[in-house]
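S.K.: Quick one, structure for this:
(chains A and B)
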Amino acid sequence: MHIDWGSLGVVFVIALVSVVVVTSLFSFGVVGLSQRDAAREAGGSGGGQLAGSVLCFAACAAIIGYGIYLIVA
Amino acid sequence: MDFSLIVLVVIVAALAFDFTNGFHDTANAMATSIATGALKPRVAVAVSAVLNLVGAFLSVEVAKTISGGIVDDTKVTPVIIFAGLVGAIVWNLVTWLIGLPSSSSHALFGGLIGATWIASGSDAVHFGKVVEKVLIPALASPIVAGIVATLGTFLVYRITARAKQDTVGRSFKAGQIASASLVSLAHGTNDAQKTMGVITLTLIASGSLAPNSGPPLWVILTAGTAIALGTYLGGWRIIQTMGKKLTEIQTPQGFAAETSAAAVILTSAHLGFALSTTHVCSGGIIGSGLGRKLAEVRWGVAGKMVLAWALTLPAAAVVGAVAAEVSTLGTWGTVLVGLAGVVVALGIFLASKRNPVNAETITEPEPGVQPVNA
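M.R.: You can find the predicted model right below:
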């Protein structure tokens, strides 16, 4: 019997890192959206905040896309 | 291709298992989205069904996933596979009736192990492989998903603490739709493959297919359709347990739980661990309960669930073993087991009618008395 603790550790580390990165990016994107709303209410355009949000969400989508690529390939 | 009758019976049983697998596991992907209101119940199960079907076409890691060296391929006959499937289906239906999210994969492995053991002897079962490929991932995966989801949930609440809460709620609803869809897709690539593997192995064993060949298109199509159909009908009882009874879920938690589950499933699949999507998703939900300040995890419900996990493999094995004992007595034995399976399924279906849980009642407040008496 051979238990592959190394691979198990790899699963843990990769899952942990990818979740920390994805959830953080998404949360920062949400914070950006919220700041944009606040900026607009104050009379500004909020364009910078929106761009930042879009960047965060796009990075999330890219990581998820890579995940799907890994199953298909 | 022409099949003998027993091969046809195995194919029907495999598709029936696939169907129960679908409605048993809808909860994995969609329970939290339905609980938080991110998706309407009917829409959620429809999206999940389509993605399960898509997922069924994505992967080619088939026969390996199911046999995985757990039982000795050369000593397995169609009758044994049939008995194993009956064991898996019966256990899946029983746990559905009492609303427990047990693992369909473990039910399948358990049924096959029990049936093979009785029919071909204990040395036809590779117990070392069972520990390595089934037990260790079963213990480790929910813990890993739980820890990851705890951290993810903590981060989400920490980062968005000062943001406008209506924006937060709205955004995470959208995020949840994406993360839940990813879990459904991952489920299709994993669980639909298991049934395809069973059918393909049976076809190879009976000489209808050349050894080492992949599943024919009609196998992929029927297996994908069976799991999608089961998913669409929705295992509302299990959705209720996972979405409401474990812990109260908010959209950011649902997002973190689903993202964690998808990450663990995809990484493991890539590295060749056969794990249960059910275990991973439950671990993720409990973790998201722990990660939010003051959220209460109902450890009583969680404990019952873990008990069902521990019981799944042996219980399905016992049913599979009994089915194998009778099935191998002759054609009449196989017919008897088939009939018994149908009767049990009908009985459970009728019992479920006494206390229906469906798309209309799922989001209503809970009635005072719950039918969980496992």
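
S.K.: In chain A, where's the longest helix?
M.R.: Once chain A is assigned using DSSP state H, the helix that runs over the most residues is helix A:5-41.

S.K.: Can you name every helix or strand that that helix contacts?
M.R.: Packing contacts for helix A:5-41, counted by 3 or more C-beta pairs under 8 Å, 6 or more residues apart in numbering or on different chains; DSSP states H and E, involve helix A:47-72, helix B:136-159, helix B:165-205, helix B:251-271. In short, each C-beta sits where N, CA and C put it, glycine included.

S.K.: in the chain, what spans have low per-residue confidence?
M.R.: Unless you meant another one, I'm taking chain A. Residues of chain A that meet the criterion pLDDT under 70 lie in A:1-3, A:71, A:73.

S.K.: um, chain B though
M.R.: In chain B (pLDDT under 70), the answer is B:1-3, B:59-70, B:73, B:211-212, B:234, B:246-247, B:270-274, B:293-295, B:358-374.

S.K.: Against chain B, how distant is A:Val72?
M.R.: 5 Å (C-beta to the nearest C-beta, to the nearest Å).

S.K.: My guess is that residue contacts B:Leu58. True?
M.R.: Yes: applying C-beta atoms under 8 Å as the test, A:Val72 and B:Leu58 come out as touching, 5.2 Å apart.

S.K.: out of those two, which sits in the busier spot?
M.R.: B:Leu58 (16 against 10; other C-beta atoms under 10 Å in any protein chain shown).

S.K.: how close does the more buried one get to B:Ala180?
M.R.: Distance from B:Leu58 to B:Ala180, counting by C-beta to C-beta, to the nearest Å: 17 Å.

S.K.: again, but for B:Ala138
M.R.: From B:Ala138 to B:Ala180 the distance is 23 Å (C-beta to C-beta).

S.K.: more neighbours, the two?
M.R.: Counted by other C-beta under 10 Å, B:Ala138 and B:Ala180 do not tie: B:Ala180 has more neighbours, with 31 against 21.

S.K.: Next, the closest residue in space to the more buried one that isn't next to it in sequence: secondary structure please.
M.R.: Counting by C-beta to C-beta, 6 or more residues apart in numbering or on different chains, B:Ala180 lies nearest to B:Ser33, which is 4.5 Å off, once chain neighbours are set aside. Classification of B:Ser33 by DSSP: H, G, I helix; E, B strand; the rest coil places it in helix.

S.K.: residues in contact with B:Leu53?
M.R.: With contacts defined as C-beta atoms under 8 Å, 6 or more residues apart in numbering or on different chains, B:Leu53 is in contact with B:Gly188, B:Ala192, B:Gly224, B:Thr225, B:Ile227, B:Ala228.

S.K.: Off-centre distance for the helix or strand hosting it?
M.R.: Using DSSP states H and E, the element containing B:Leu53 is helix B:41-58. Distance of helix B:41-58 from its chain centroid, counting by C-alpha atoms, centre = their mean, to the nearest Å, is 14 Å.

S.K.: Repeat that for stretch B:72-82.
M.R.: On C-alpha atoms, centre = their mean, the centre of stretch B:72-82 falls 23 Å from that of its chain.

S.K.: burial count for the residue nearest to B:Val144 when sequence neighbours are not counted?
M.R.: Nearest residue to B:Val144 in three dimensions, chain neighbours excluded: A:Phe12, at 5.0 Å (C-beta to C-beta, 6+ apart). A:Phe12 sits with 19 neighbouring residues when counted by other C-beta under 10 Å.
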